[in-house]
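Visitor: 3D model of this:
(2 chains)
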Protein chains: 2
Amino acid sequence: MQHKTEPTLAVEELRQLGCQAFQGLGLTQEAAEHVCEVLVLADLFGLTTHGLSRVESYGERLQSGGISASAEPAVETLAPAIARVEGHNAVGPLVGMTALEVGMKIARQFGIGLVLARGSNHFGPISPYSYIAAEQGFASIIGSNATTTIAPSGGSDARLGNSPLGFGVPNPNGNHFMLDMAMSVVARAKIRNALARQETIPDNWATDANGRPTTDPRAALDGFLLPIGGHKGYGLALVVDLLAGLLSNAAYLTHVKSWVDAPDEPQNLGHFFILIDTARLGSTAWLKERMIDFADILHQSPAVDPASPVIVPGEIELKKMRRHLQEGVPVEAATRQLLDQYANRVA
Amino acid sequence: MQHKTEPTLAVEELRQLGCQAFQGLGLTQEAAEHVCEVLVLADLFGLTTHGLSRVESYGERLQSGGISASAEPAVETLAPAIARVEGHNAVGPLVGMTALEVGMKIARQFGIGLVLARGSNHFGPISPYSYIAAEQGFASIIGSNATTTIAPSGGSDARLGNSPLGFGVPNPNGNHFMLDMAMSVVARAKIRNALARQETIPDNWATDANGRPTTDPRAALDGFLLPIGGHKGYGLALVVDLLAGLLSNAAYLTHVKSWVDAPDEPQNLGHFFILIDTARLGSTAWLKERMIDFADILHQSPAVDPASPVIVPGEIELKKMRRHLQEGVPVEAATRQLLDQYANRVA
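Guide: Here you go, the predicted structure:
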């Protein structure tokens, strides 16, 4: 198993190293702590590609001016239970954490709160935000738009992003429900792997450059990822962009600047955070009993493959977190090297 | 085209006939009007299977006592911006319309509102609610749980419902975005059609009774519908049940009573309504310009098949509505007969 052979760091060490690295990239200590809260949780959950390894891409853009290291997100009240965060092109997880904290404050007061964010960047995976909210008793619906990589259903060029959408429902015993998904059937990496193994791919993974479904991984990599459920996933991706981009007054669809093609221009990504205070709905005991029963019902479905019992979304991440808290968090050599390099700037 | 050959009724006639029929089934005039507001919109949108044809199944249950004809939903305030509707086993669309109206009132005051409903029944399709909300400037996220027909990913018996989830975003010019989807790749009817034509089905539509993917429509009908995107659709269906069923204090998962197996027992279905007042986010002109631009960007993607240009969710329903408002609404003979029969009770 990979985590046994890779060098690990205790979570506190990793957090400190991450904070120093982002301070080395020009962030204040407070901003760096917010960013690392999200990215270290991602590493704890085993979401390595969305954890502190992002210091590479974030670092590039911070240094080219594509992301502002000194920007401070500003909060504007639009209605008693709606706020908007103007990110001023700050690092995404800093904008995201600002929005999350405002949203929880609103929801604590009114029961539900909506925070829209604009002027932002890639804000990490969603499950860290869902987890932080769930730990404080909030259910959440969170989404972000993204660079365009998907063609509309029936269309033949990239006009929408593979926008992530996440949900959390707290279980007072800590076994929170967390679903964090993008709208494509698979990630591009899976197609690259098929190509490397010289295998064909199912015809519902991607289209070729002309928008036609393909089983050839090479043609698929020149084409577009297909969303789950055809027009359903297409519609869901649009919903996320409408809430996160259009209604937040951020960029949307093809107005989102490409991270790759325009590395020094602000992307103006948008996010949305809906927080619900479950303490308003019933007692902690009531919620715990129902959440445990909910999971039990699912677990008790006889497994098609006895070696793979039914799981509930969030269980894999929380299990990995518990292990990594005990055994340390695996850190890839390249990530470690970059973190050290940036951290040394402030040492 | 089917609508040319089928007898049609002017929308006002249909609404009146529907109202009389539901009064014939024991509802008050006001309750019947609420129910028909939803079901007639469904017929206008061309969602025939979810329109007034439901008078058949609703009528059966109203007469067997499985749904209460005289119940009046009660509204309870849980937080400034959260209300809960106790449906008291009233007809679903009456509970739904009660929740929608309370939700819009809350959102008008606080910007966003959440209404949870319990003690309810099948509440019709979602797009009528999204439409009513959008006409008044509200974006919406709406869902309901349902009788269990889907197995958990990797499981082999029905433990969750094919729960509908819908979204609406208003365009002040009337071309609202409306997405109304269930979590299965296809409806059971499509598998029945394949069987009738003696065709195989794609292996991602359904499993056999043992939870294994199948291309045999007969085995599929003995088995379970598969959700879109595998574990993603499974997770989404759980989210809807968590919000609509678990958090609303309604039944959830296998606690939902089957409409078919227990026709005279209350189902205790739950719904959730999240309403957002877009007037708080920007001017009408701002929203209209962005919504038109959003749709334009999608429409301009070159179509794979020039005969099928790219569409935006909601366009099909709104186009049908405009036609049916002009040409009349097609009504199937069996539905017409039942409507007349129930209506005659109060004539």
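Visitor: report the secondary structure state of the spatially most central residue of chain A.
Guide: The geometric centre of chain A, computed from its C-alpha atoms, lies nearest to A:Pro125 (Cα atoms, centre = their mean), at 1.6 Å. Secondary structure for A:Pro125, judged by DSSP: H, G, I helix; E, B strand; the rest coil, is coil.
Visitor: and the closest residue to it other than its chain neighbours, what pLDDT?
Guide: Among residues not flanking A:Pro125 along the chain, A:His50 sits closest, at 4.0 Å (Cβ to Cβ, 6 or more residues apart in numbering or on different chains). Every C-beta, even on glycine, is put in place using the N, C-alpha and C of the backbone. With respect to pLDDT, A:His50 has a value of 93.
Visitor: also A:Met1?
Guide: According to the per-residue confidence, A:Met1 scores 44 in pLDDT.
Visitor: quick check, A:Val312 in contact with A:Ala295.
Guide: Yes. A:Val312 lies in contact with A:Ala295 (Cβ atoms under 8 Å); the separation is 4.9 Å.
Visitor: quick one: the strands in the stretch 1-150 of chain A?
Guide: Ranges of strands within the stretch 1-150 of chain A are A:8-9, A:74-79, A:82-86, A:112-120, A:138-144, A:148-150, based on DSSP state E, counting those that start in this stretch.
Visitor: returning to that earlier point: surely the residue nearest to A:Pro125 meets A:Ile126?
Guide: No. With contact defined as Cβ under 8 Å, A:His50 does not reach A:Ile126; the gap is 9.3 Å.
Visitor: neighbour-wise, which of these two wins?
Guide: It is A:Ile126, of A:His50 and A:Ile126, that has more neighbours when counted by other Cβ atoms under 10 Å in any protein chain shown, with 30 against 22.
Visitor: nearest residue to the more buried one other than its sequence neighbours?
Guide: Beyond its immediate neighbours in the sequence, the residue positioned closest to A:Ile126 (Cβ to Cβ, 6+ apart) is A:Gly166, lying 2.9 Å away.
Visitor: now the helix or strand the one you found falls within and strand A:138-144, what's the angle there?
Guide: With secondary structure defined by DSSP states H and E, A:Gly166 is part of strand A:165-169. Following axes from the mean of the first three to the mean of the last three Cα atoms, to 10 degrees, one obtains 180 degrees for the angle between strand A:165-169 and strand A:138-144.
Visitor: which secondary structure elements does strand A:165-169 contact?
Guide: helix A:127-135, strand A:138-144, strand A:177-181, helix B:231-241 (3 or more Cβ pairs under 8 Å, 6 or more residues apart in numbering or on different chains; DSSP states H and E).
Visitor: does the following helix or strand past the longest one come close to chain A?
Guide: Same thing as helix B:231-241. Toward the C-terminal end, the helix or strand that comes next after helix B:231-241 (DSSP H and E) is strand B:269-277. Yes. Judged by Cβ under 8 Å from any Cβ of the partner chain, strand B:269-277 and chain A are in contact via B:274, B:276-277.
Visitor: and the longest helix for chain A?
Guide: Secondary structure of chain A per DSSP state H: the longest helix is helix A:92-110.
Visitor: centre of the chain versus it, how much separation?
Guide: Here the centre of helix A:92-110 is set off from its chain's centre by 16 Å, with Cα atoms, centre = their mean, to the nearest Å.
Visitor: between the helices and strands packed on strand A:165-169, which gets nearest to B:Ala69?
Guide: Shortest separation from B:Ala69 across the helices and strands packed on strand A:165-169 is recorded for helix B:231-241, at 27.2 Å, computed as Cβ to Cβ.
Visitor: let me see the mean pLDDT of that closest one.
Guide: For helix B:231-241, the per-residue pLDDT values average out at 97.
Visitor: for it, name the packing helices and strands.
Guide: Helices and strands touching helix B:231-241, as assessed by 3+ Cβ pairs under 8 Å, 6+ apart, comprise strand A:165-169, strand A:177-181, strand B:160-161.
Visitor: looking at the helices and strands packed on strand A:165-169, which is closest to B:Leu25?
Guide: B:Leu25 sits nearest to helix B:231-241 of all these, at 28.6 Å, using Cβ to Cβ.
Visitor: about what we covered before: for the longest helix of chain A, packing partners?
Guide: Counting by 3+ Cβ pairs under 8 Å, 6+ apart, helix A:92-110 packs on helix A:29-44, strand A:82-86, strand A:112-120, helix A:127-135, strand A:138-144, strand A:269-277.
Visitor: next, the angle strand A:269-277 makes with it.
Guide: Relative orientation of helix A:92-110 with respect to strand A:269-277: 30 degrees, computed using the same axes, to 10 degrees.
Visitor: alpha carbons of helix A:92-110, as PDB, please.
Guide: As requested, C-alpha coordinates have been extracted for helix A:92-110 and formatted as PDB (Å, rounded to 0.1, in the frame of the first residue of the first chain):
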ATOM      1  CA  GLY A  92      -9.000  30.200  -3.800                       C
ATOM      2  CA  PRO A  93      -9.100  28.400  -0.400                       C
ATOM      3  CA  LEU A  94      -8.700  31.800   1.400                       C
ATOM      4  CA  VAL A  95     -11.800  33.000  -0.500                       C
ATOM      5  CA  GLY A  96     -13.500  29.700   0.200                       C
ATOM      6  CA  MET A  97     -12.800  29.700   3.900                       C
ATOM      7  CA  THR A  98     -13.900  33.400   4.200                       C
ATOM      8  CA  ALA A  99     -17.200  32.500   2.500                       C
ATOM      9  CA  LEU A 100     -17.700  29.300   4.600                       C
ATOM     10  CA  GLU A 101     -17.100  31.200   7.900                       C
ATOM     11  CA  VAL A 102     -19.600  34.000   6.900                       C
ATOM     12  CA  GLY A 103     -22.100  31.400   5.800                       C
ATOM     13  CA  MET A 104     -22.000  29.500   9.100                       C
ATOM     14  CA  LYS A 105     -22.400  32.800  11.000                       C
ATOM     15  CA  ILE A 106     -25.500  33.600   8.900                       C
ATOM     16  CA  ALA A 107     -26.900  30.100   9.200                       C
ATOM     17  CA  ARG A 108     -26.400  30.200  13.000                       C
ATOM     18  CA  GLN A 109     -28.600  33.300  13.100                       C
ATOM     19  CA  PHE A 110     -31.200  32.600  10.500                       C
END
